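[1] with the input below, show me the fold.
(chains A and B)
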Amino acid sequence: MNWRPSDELDGLLNALADELLREEDEARLAEILRGDAAARAHYRKWMALHSALAWDYAAAAPEVTAAEIGMEQTRWWRNACALAAAIAVLVAVGAFLLPRTPSSSRKIATLEYVSGAVSWSDGAGVQHSALKNGAALAEGTLTVEGEGASAQMRFADGTLITFPGDSEVAFSDDGQKRLVLRRGTFTAQVVPQPRGKPMLVRTTTAEMEVLGTVFAVSAEASDTSLNVESGSVKLRRLVDGRDVEVGRQQGVVASLDAKSELRPTAPMNCPVAWRRSFEAPPPATSKGEWLAPGEGVPGRVRAVPYVAGRARDGRPYIFHGISARTPQGEPKSYVTVRGDSVVRLRFRVKEPGTVKVFVSCQREGGTFGGNFEGAVALSAPDADGWRNAELPLASLRPIMGDRYPDIAGTRVSLTLVHSIEHDAGLEVAEISIAPRQR
Amino acid sequence: MVRNAADADDVLQETNIVLWRKAAEFDPAREFMPWAMRCAQWQAMAHLKKRQRAKVAFDDELLALVADEAVAEFAEADARRVALAGCLQRLPDEQRALIAQRYEPGGSVNEMAVDRGSTPKALSEMLRRIRHSLMLCIERTIAKEARA
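    Take a look at the predicted model:
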């Protein structure tokens, strides 16, 4: 499905559901629906969700705990009546939405760099895949698919947004830039913005105002991490509306918990040696199927498929791999890279082939520091098929080499081990990054 | 057509009564959904006339268009509801609790905002993100099942 709803339509529908819609916006919603069959279909899906939550979920809620929430099947005729009524009834009307001009096809940014699966959905909802460097973008939604993908987008005033991995952001610029980070991470180098029109960044849990600075923001389902390298950013936590000013070399996390502290802190020290084995399950933020230890076999993670890129016709390139990240809520980066740092692996494959290591790095202040990748030389396996490999991090190829050439001095926030498109049955029992002499 | 869940419930009740009364008139050879939807549409319009709203942007023509197009989507409705159950399970606990509070009987963002020391707008924005996640999850689940 290529059509995607505009932020305006979603905002109106949300306000409708929450009974916050103003009458003047009712007319705007009707106008959108009259002229767009796809919008009407979206409206029906949205209202079906709302009615299902209101009627079925609410009925179940008092009988179960929050952790056990679910819905039971109902008789078909009840569904039919509920849906029929929902369609006719829930054309309801409510919400506010800040008045906005209709979506513009004016080009406001250029895609300076693309690697992997990156697509752009324009204001009319048409999706453009297999984008190339230099593509001009009007307001819309940019999607960077998969941890190994990356992109850089530059607004007309020179403001540069870097997406180091899996991310989705809606953006517009009508004299004031607005970015809605739906998932993932970006680093922004923001040139001074016009007086009274700061760049606005919104996530699930926070809103930020930026006048001109370098910062990184990362959005999870229930929290937002902001790290400022230079200048300052004003952050407002949505759950309670509290504001905080985050200055140079400071970071803050805004979650859904209004009782949690909202205080900027300096970057934490990051060790130069890190090791992860898999005797216990890895954090849920990591990729791979965990296999428990037993019968002389160590705990390990097995490679799982993921989308690493897309062909021009939209066909996905499926890679197979495992990844290591920190648990949610902890600092993203976990080891500092020195000039003599090496990554060591203990792994096995059912079918020998190319195995690659990909690392995504941050600078000390939490902004993007580059993506790097290299192939692992396969050593002879032991009797159980396990192989040991060592790869100097300085030998990895910088993926955005003209912008982020050096890995030394950065901090690793993601390590990905994969067998490209070939499902080699890769299993990893241990990964470590440390100076060579350790 | 109507502005709140209470009115929606009223129309649903009225529609169900009409469907019950008219069950004898229903021709089993015809499809149930177009008939049921038309009944619901009439009830909703009648409800609005009773309320004599000063301004209704959703006129009869638009409502008929929305309802007519919905008939073709009915087959997918059950799959979407089943998918929603799974998607709710996958929400983080805090988000699931927020949805539970919003949709509990009589729940409203205004009251939630007072309870949480927040603003209705801020809370609605958080709910918007959760609903968006649920929509995406439902689409992915249905697409995955279609491929299986």
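[2] now do the same contact list for the residue lying closest to residue A:173 once chain neighbours are set aside.
    Take residue A:173 and drop its neighbours on the chain: the residue closest to it by Cβ to Cβ, 6 or more residues apart in numbering or on different chains is residue A:108, 4.4 Å away. All C-beta atoms are positioned from the backbone trio N, CA, C, and that covers glycine. Residues near residue A:108 by Cβ atoms under 8 Å, 6 or more residues apart in numbering or on different chains: A:137-139, A:155-156, A:171-173.
[3] show me where pLDDT drops low in chain B?
    Along chain B, the model assigns pLDDT under 70 to residues B:1-57, B:60, B:68, B:71-75, B:105, B:148.
[4] re the thing from before, ok, and the most crowded of the contacts of residue A:108?
    residue A:171 (24 neighbours; other Cβ atoms under 10 Å in any protein chain shown).
[5] pretty sure that one sits in a strand.
    Yes: using DSSP: H, G, I helix; E, B strand; the rest coil, the assignment for residue A:171 is a strand.
[6] who does it form a beta bridge with?
    Counting by DSSP bridges, residue A:171 forms beta bridges with residue A:140, residue A:179.
[7] would you mark the buried spots in the one helix or strand residue A:301 maps to?
    Per DSSP states H and E, residue A:301 falls inside strand A:300-302. Residues of strand A:300-302 classed as buried: A:300-301 (neighbour count, 16 or more other Cβ atoms under 10 Å in any protein chain shown).
[8] pull the longest helix from chain B.
    Across chain B, the longest stretch assigned as helix under DSSP state H is helix B:120-147.
[9] contacts only, for the nearest residue to residue A:411 once chain neighbours are set aside.
    Spatially, and ignoring its direct neighbours in sequence, residue A:411 is nearest to residue A:333 (3.4 Å; Cβ to Cβ, 6+ apart). Residues near residue A:333 by Cβ under 8 Å, 6+ apart: A:270, A:326, A:361-362, A:366, A:411-413.
[10] residue A:333 belongs to a helix?
    No: checked against three-state DSSP, residue A:333 lies outside a helix; its state is coil.
[11] can you check the pLDDT for it?
    Residue A:333 is assigned 91 on the pLDDT scale.
[12] tell me where the stretch 301-438 of chain A has strands.
    Using DSSP state E, counting those that start in this stretch, the strands of the stretch 301-438 of chain A run over residues A:304-310, A:316-324, A:335-336, A:341-348, A:355-362, A:368-376, A:387-392, A:397-398, A:411-418, A:427-435.
[13] mind putting those strands in CSV, mean neighbour count included?
    Listed next are those as CSV, based on neighbours: other Cβ atoms under 10 Å in any protein chain shown:
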stretch, mean neighbour count
strand A:304-310, 19
strand A:316-324, 21
strand A:335-336, 23
strand A:341-348, 21
strand A:355-362, 24
strand A:368-376, 22
strand A:387-392, 16
strand A:397-398, 13
strand A:411-418, 25
strand A:427-435, 20
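[14] in terms of mean pLDDT, which of the ones you listed ranks lowest?
    Among the strands of the stretch 301-438 of chain A, strand A:304-310 carries the lowest mean pLDDT, a mean of 82.
[15] in its sheet, what does that one sit against?
    With DSSP bridges as the test, strand A:304-310 pairs up with strand A:316-324 (antiparallel).
[16] contact residues of the stretch 101-250 of chain A facing chain B?
    Counting by Cβ under 8 Å from any Cβ of the partner chain, the stretch 101-250 of chain A comes close to chain B at A:182, A:202, A:204-205, A:221-222, A:238-241.
[17] what about stretch A:149-165, start to end distance?
    5 Å (Cα to Cα, to the nearest Å).
[18] buried residues, it. List them.
    A:149-155, A:159-165.
[19] does residue A:230 touch residue A:214 like I think?
    Yes: the criterion here is Cβ atoms under 8 Å, and residue A:230 meets it with residue A:214 at 4.8 Å.
[20] neighbour-wise, which of those two wins?
    residue A:214 (21 against 14).
[21] picking up where we left off before, measure the residue nearest to residue A:173 to residue A:203 for me?
    As defined by Cβ to Cβ, to the nearest Å, residue A:108 lies at a distance of 21 Å from residue A:203.
[22] over to residue A:275?
    Applying Cβ to Cβ, the value for residue A:275 to residue A:203 is 32 Å.
[23] who has more neighbours, the two?
    Between residue A:275 and residue A:203, counted using other Cβ under 10 Å, the more crowded position is residue A:203 (26 against 12).
[24] could you export stretch B:109-125 as CSV, CA atoms only?
    These are the backbone C-alpha positions of stretch B:109-125, laid out as CSV (Å, rounded to 0.1, in the frame of the first residue of the first chain):
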residue,chain,number,x,y,z
VAL,B,109,-8.6,12.5,28.3
ASN,B,110,-9.8,15.5,30.3
GLU,B,111,-10.2,13.5,33.5
MET,B,112,-7.0,11.6,32.8
ALA,B,113,-5.1,14.9,32.4
VAL,B,114,-6.4,16.1,35.7
ASP,B,115,-5.4,12.9,37.4
ARG,B,116,-1.9,12.9,35.9
GLY,B,117,-1.2,16.6,36.2
SER,B,118,-0.9,16.9,32.5
THR,B,119,-2.9,18.6,29.7
PRO,B,120,-5.6,17.0,27.6
LYS,B,121,-3.6,18.0,24.5
ALA,B,122,-0.4,16.3,25.8
LEU,B,123,-2.3,13.1,26.8
SER,B,124,-4.1,13.0,23.5
GLU,B,125,-0.8,13.3,21.7
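[25] other residues contacting it?
    Taking Cβ under 8 Å, 6+ apart as the rule, stretch B:109-125 contacts A:14-15, A:18-20, A:95-96, A:202, A:238-241, A:258, B:101-102, B:127.
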